[in-house]
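>>> using only what follows, build the 3D model:
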Amino acid sequence: MVENRVCPGLSLFFSLIPESFKQDLLVRVDIVDVVSRYVQLKRAGANHLGLCPFHNEKTPSFTVSNAKQFYHCFGCGAHGNAIGFLMQHSGLGYVDAVKELAASVGMQVPERPRTPEQVARHERETDLYALMERAMDFYRGELKKSQRAIEYLKGRGTSGEIAARFRIGYAPDDWQGLRAAFPQYDDKALVQCGLVIENEGKRYDRFRDRVMFPIQSARGAVIGFGGRIIGEGEPKYLNSPETPLFEKGREVYGLVQAREAIRATGQVIVVEGYMDVISLAQFGVGNAVATLGTATTPVHVSRLLRLVDEIVFCFDGDSAGRKAAWRALETSLPLATDAKTIRFLFLPDGEDPDTYIRKHGKEALEALARSSQTLSGFLLGELRAAADFATAEGRSQFLGSAKPHLQRIAAPGLKLQIVKEVAELGKVSQDEAERLLEIRTAPGWRGRAAPPRASAPQATNLEWKLLCNVLIRPQRAPEVDLAVLDPALPESAAIAALVEWWRGAPPGGQIEHPMLIEKFSGTPHADVLFEAQQSLLDLALSESEADADFANCLHALRVKRTGESLEALRKRVERGEAGREEFAAYARMLKEFEELKRGRLATQARL
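Sure thing, here's the model as predicted:
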């Protein structure tokens, strides 16, 4: 099941955009229209059905509800509202997804009053985007004039089509070549965006005699460049510096061009260089991106996991490649999920992705990716290689070396599986391993069943049915007597959260399903609330039927709780532990219980 995780800072973004605006936006947007731009949908009863864009499938299991305004895939578990769909499908951040959705229906995202400094910064960034776009056009024009640069690209097997697709250019061998594109060469913005260097009062182009690779944001805007020197010289690759537009630890190269192939394969291959991405695309492997001369960062991993079910980190097989892979593994451990796979592909000695695919072709590289080590396999393999299992000391050292890595794993299922393997290798029991490693599997992981599905009502409890009915008729939430709910159930906690939200809503407000997803995303109630929402796709209850079910559930819960209290009091009376007041209370409760049971026939007819 795809795990919808809240990215770092999402709660901050959420608070910066007024809730009233998001409410209006999600009311005006039709999720069927939004999803239809990317997925071919067909009506299936009250819902729409199509092939899931987040995993490969031949039989449609991706359902979009017009009435509830959310999507759910019964195959991989992906779910959310219109904002979440754009984030997951297009790799946009929260604010960008809201802005894009708002623009599609002619709405302007309101912003808090900005300081003069913030206004100036926004204007400066807008100007910088325009400068970067103009610089890219200049470099692309210069490529057409440079036979030397063209021959270099041809020698690397790059076709004109691929060069155009990646918008490759050339920076001329001229200290101030950009003057041709920017007559105002002394403009400070050229320094701010990293195109020009200023040193002791002199200015000159940062990139000279280099093949230029534009770096684009997820929205396609040019935010930086990578330049590859032609011939000998150092550095071989030169990147734009950190600027107001560009932070290399957050960006990957080639994502815009790779997005369709990533979506089609459900996989992204992460390589280290621009030419690796270009060469793989040239040979038909279009789902590759590159980090930008930096180690893999948590932002890289989080961003890519939002887009795909599988990440394959591709490294050279030498010691430097294995060290880089180990750093990527350490970064990935706390971000791995039970629903997705992270792999590590090591190429033969002396090979990089560019040379390997030229020698062996697309099929060979894809076969290597399929057989590459999983995160757990790589982790355990490296730990095993450094251990001596023939001695008690060696096994003890192995357990000690595994400890910090297992403690960083957040995915409960993955952690449990690795703990079992570590325990077996260390010749200890699972419980002993967990004590030694000072970790526990996630609370409730062993034995907590998923919330009952609406397709099997005989397995549901009263609190679950009440939750479903509250979602159908949210205006009745304040009528729920929280005292009749079993406080140990997650359904009860979710109902209480809904009641609290409703009570805090402005007069005349409504609880809309897409807003409910927004409100509780990342909270302990998110999973159970969406399971209940999802069950409503199958549970075709009218509002009047939901009203009747709501009343019947509440009545049945009162009967159940009263019966439990009465039974506890009865035992005290029988043991002679009850005082006069409790004895009188028992007689009164017994009468009330009989009256409640007489009204239970209607409840039994519905439940």
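
>>> give me the neighbour count for the spatially closest residue to Gly266 that is not a sequence neighbour.
Leaving aside its sequence neighbours, Gly266 sits nearest to Asp309 (C-beta to C-beta, 6 or more residues apart in numbering; 4.5 Å). In this view, the C-beta of every residue, glycine as well, is placed from N, C-alpha and C. Asp309 has 19 neighbours, counted by other C-beta atoms under 10 Å.

>>> look up phi and psi at Asp309.
The phi/psi pair for Asp309 (degrees, to the nearest 10) reads phi -90, psi -20.

>>> repeat that for Glu432.
phi -60, psi -40.

>>> report the contact partners of the closest residue to it other than its chain neighbours.
Spatial nearest neighbour of Glu432, excluding adjacent residues (C-beta to C-beta, 6+ apart): Ala423 at 7.0 Å. Taking C-beta atoms under 8 Å, 6 or more residues apart in numbering, we find Ala423 in contact with Ser429, Gln430, Glu432, Ala433.

>>> restricted to helices, list those.
Counted as lying in helices by DSSP state H, out of these, are Gln430, Glu432, Ala433.

>>> any chance you could map the helices in the stretch 201-350 of the chain?
255-265, 274-282, 298-307, 319-332 (DSSP state H, counting those that start in this stretch).

>>> the second one: which residues count as buried?
It stands for helix 274-282. By 16 or more other C-beta atoms under 10 Å, the buried positions in helix 274-282 come out as Tyr274, Met275, Asp276, Val277, Ile278, Ser279, Leu280, Ala281, Gln282.

>>> re earlier: let me know which of the helices of the stretch 201-350 of the chain is tucked in deepest.
helix 274-282 (a mean of 25; mean count of other C-beta atoms under 10 Å).

>>> just checking, what packs against it?
Where contact means 3 or more C-beta pairs under 8 Å, 6 or more residues apart in numbering; DSSP states H and E, helix 274-282 is packed against helix 160-165, strand 222-229, helix 255-265, strand 267-271, strand 288-290, helix 353-370.

>>> make it 6 Å
Under the contact definition 3 or more C-beta pairs under 6 Å, 6 or more residues apart in numbering; DSSP states H and E, helix 274-282 sits against strand 288-290, helix 353-370.

>>> quick one, that helix and helix 255-265 angle?
40 degrees (axes from the mean of the first three to the mean of the last three C-alpha atoms, to 10 degrees).

>>> can you tell me what sits against helix 274-282?
Gly157, Thr158, Ile162, Phe213, Gly226, Tyr253, Gly254, Ala288, Ala290, Pro353, Asp354, Ile357 (C-beta atoms under 6 Å, 6 or more residues apart in numbering).

>>> out of those, which is nearest to Phe74?
Ala288 (30.4 Å; C-beta to C-beta).

>>> could you check how far that closest one is from Gly177?
Distance of Ala288 to Gly177, given as C-beta to C-beta, to the nearest Å: 31 Å.

>>> same thing with Arg408?
48 Å.

>>> got it, and Ser240?
The gap separating Ser240 from Gly177 is 16 Å, by C-beta to C-beta.

>>> and the two? Which one has more around it.
Counted by other C-beta under 10 Å, Ser240 and Gly177 do not tie: Ser240 has more neighbours, with 23 against 19.

>>> give me the most central residue, the protein.
The centroid of the chain falls nearest to Arg306 when counting by C-alpha atoms, centre = their mean (3.3 Å).

>>> no further queries at this time; thank you.
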